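Undergrad: The following block contains a protein sequence and its predicted model.
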Amino acid sequence: MAQLSFLERQSGQEALHGVSKEMVESKHQIDAWLTDLDIHLQSAKHGSVYEAAEAIDSSYVRDRDFRLSFLRSNRYNAKAAAKQILNFFIVKLHLFGREKLAKEITFSDLDEDDKDCLKNGCMQILATTDRAGRQILFHLPGLRSFKMLENELRARFFLLMCLWNSEETQRKGFVYVTYAIGRFQDKTNGAGFLETTRLILAFPLFVAGIHECTDHPAQYVIGRAAIHIMPPSFRARFKVHLGSGQECQYILSTFGIPRQALPLSPDSSKPKFEEQLVWYDEYRQWEESGQINSENSAVLPIRPRANDVLFVYGQKMTNRGNDLFRALAKEKSEKYGLGSSQQKAEISDGIINEVKSAGGRFLKQDTSNGLWVEVTLDEIRHKLRQMFRNYRRARSLLEKSEPSHFTRAIVITNDQLHPNDVLFGTSLSRNNQGNLVLRQTVKDLSTEYDTATRIRKTQLNESIVEQIKTMGGRFLKQSSIDVNHWEEMADDIARSKIAKLFRNNRRSQSKKKDFQVDKDMQVERNGNGREDQDYSFFLQ
């Protein structure tokens, strides 16, 4: 790491934590990159396997999307992309032979031993992405089982093709996690390590992060030593974690890899194969029905993720993505109703982009086969228009019926108050135990809240509500009729109150900083660091 420049380390850390700047591609830039790539290929291809593939089918190796994927993998470094293309065809020739060199590898190109390596769950593409919306390739070395090493390598080639066929993954990259803890330690003494490394490096996929988890000190030392022989661009994105299963899972969660997404039992002692077998059976059924062909062979059947927005006719989906989508639409509905046509379009596109930035997709279920397909942009906008109309009608009905913001009309008297209740509407509530706990919790979480995503902010608000309730507290508002009576607030109103507390806390901290800056400037003007002026007017 010390041999890397500051910018290289920073770029690696940003990729590792999923905070890299979004890649922007213009047609002019793409054309320039492709031209540069072709120049490098022409000068390096003589006598190579790439040249043999070009002689078999030039349209395959010159395909625009094919070449662009290598440029994305290398962050548009044409020279590095050309080198990777040459290596890709060397690996492909070794695993599948010359007759497959200029063809897409299909599911039927795998023999039964290759498919057994897919089914054993040793390496899985998880259905859930990381916090940045990137696919996770999860490796359990202790489950390795193969007749020949080439069987395992061909299976892994196919898995990488599944990732490769997603343009989103080409842009964002993927995260590779090796979990060698307890019974999941590699029993083959690392057989095929170099071959697997060569395979991954040859594929046109950006490896955004590599996490090696182990509970064996010797393996940890070896992993740390391996960092120094890696390509410089890889070093900052490679992490070795030493600890128990619980400790390593916690560490992974700090990098945006959710614990619940890992294919492990609650006690981390057993692997889970459900997702892998579902995915494998879908491919097997497609092959038997003749639906697999050279165009769709390696495209993963879409599996919904937590942050996806799911549209199912006649059903209200409770997916996290649906909750976010509804919350955004509800929040913007009043502004949408008052806006012009252009403003309405901007509001709709803003909601769509916010869901996508959280790693969500918009999916609907194909009624003919039950599979999930992505919804077009026009369909999403149409759905939003329907939602805005429904919110407008609901708001109109609520206004007519004078709705209550409270959960029930049960009157709570002063002598029925609990010490941990959170009271709103009276100055006496400031020293109530529940209010003190709430204010301290908001203060403790304010730094995380201010930089959190909208989903994370909602989760923090919900967790605080649950914390107060666990303590036996309630969120109460003073009755407008009798100051000695209280009414319990609905959870959504309580969450909005907590969100307002976070905002007020941020503004308060900002004012304090501004006051301190003004104070320091005044002291500097007075000279000698004396504070002989009255600054109380700043706080009035």
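TA: Now that the structure is in, tell me what you want to look at. All values reported here derive from a predicted model rather than from experimental measurement.

Undergrad: can you map out the helices along the stretch 101-250 of the chain?
TA: Secondary structure of the stretch 101-250 of the chain, counting by DSSP state H, counting those that start in this stretch: helices at 112-119, 149-164, 167-172, 193-202, 217-227, 232-235, 245-254.

Undergrad: contacting residues for residue 347?
TA: With contacts defined as Cβ atoms under 8 Å, 6 or more residues apart in numbering, residue 347 is in contact with 332, 335, 336, 339. All C-beta spots, glycine's among them, are computed from the backbone N, C-alpha and C.

Undergrad: Quick check: which element contains the third one?
TA: In this assignment (DSSP states H and E), residue 336 forms part of helix 320-338.

Undergrad: Does anything pack onto that helix? Which helices or strands?
TA: For helix 320-338, the packing partners by 3 or more Cβ pairs under 8 Å, 6 or more residues apart in numbering; DSSP states H and E come out as strand 309-311, helix 341-357, helix 377-401, helix 454-470.

Undergrad: moving C-terminal of the longest one, what's the next helix or strand?
TA: Stepping forward along the backbone from helix 377-401, the first helix or strand reached (DSSP H and E) is strand 412-413.

Undergrad: got it, and the last one?
TA: Toward the C-terminal end, the helix or strand that comes next after helix 454-470 (DSSP H and E) is strand 475-478.

Undergrad: The next helix or strand after that next one pairs with which strands, and in what direction?
TA: Note on strand 475-478: by DSSP H and E, the next helix or strand toward the C-terminus is strand 485-488. The pairing partners recorded for strand 485-488 under DSSP bridges are strand 412-413 (antiparallel), strand 475-478 (antiparallel).

Undergrad: quick one: contacts for the closest residue to residue 192 other than its chain neighbours?
TA: Once flanking residues are discounted, residue 192 sits nearest to residue 149: 4.8 Å by Cβ to Cβ, 6 or more residues apart in numbering. Residues counted as contacts of residue 149 (Cβ under 8 Å, 6+ apart) are 191, 192, 195.

Undergrad: Among those, which one sits closest to residue 94?
TA: residue 195 (8.9 Å; Cβ to Cβ).

Undergrad: Counting neighbours, what do you get for that closest one?
TA: 17 (other Cβ atoms under 10 Å).

Undergrad: Next one, pLDDT for it please.
TA: According to the prediction, residue 195 has pLDDT 91.

Undergrad: do residue 57 as well
TA: pLDDT, residue 57: 94.

Undergrad: Find the nearest non-adjacent residue to it, please.
TA: Once flanking residues are discounted, residue 57 sits nearest to residue 102: 3.7 Å by Cβ to Cβ, 6+ apart.

Undergrad: Next: residue 467.
TA: Residue nearest to residue 467 in three dimensions, not counting chain neighbours: residue 441, with 6.8 Å by Cβ to Cβ, 6+ apart.

Undergrad: Just the element for the one you found, please.
TA: helix 433-451.

Undergrad: relative to helix 454-470, how tilted is that helix?
TA: In terms of direction (axes from the mean of the first three to the mean of the last three Cα atoms, to 10 degrees), helix 433-451 departs from helix 454-470 by 170 degrees.

Undergrad: Same question for helix 433-451: list its buried residues.
TA: By neighbour count with 16 or more other Cβ atoms under 10 Å, helix 433-451 contains the buried residues 434, 435, 437, 438, 441, 442, 445, 446, 449.

Undergrad: before we move on, what about stretch 208-224?
TA: Using 16+ other Cβ under 10 Å as the test for burial, stretch 208-224 gives 208, 209, 210, 211, 212, 213, 214, 215, 219, 220, 223.

Undergrad: hmm, back to that, adding pLDDT and distance to residue 42, write the buried residues of helix 433-451 out as JSON lines.
TA: Converted to JSON lines, these look like this (pLDDT from 0 to 100; distance: Cβ to Cβ, whole Å):
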{"residue": "434", "pLDDT": "88", "distance to residue 42": "73"}
{"residue": "435", "pLDDT": "88", "distance to residue 42": "73"}
{"residue": "437", "pLDDT": "89", "distance to residue 42": "69"}
{"residue": "438", "pLDDT": "91", "distance to residue 42": "67"}
{"residue": "441", "pLDDT": "92", "distance to residue 42": "63"}
{"residue": "442", "pLDDT": "91", "distance to residue 42": "62"}
{"residue": "445", "pLDDT": "90", "distance to residue 42": "57"}
{"residue": "446", "pLDDT": "89", "distance to residue 42": "58"}
{"residue": "449", "pLDDT": "90", "distance to residue 42": "54"}
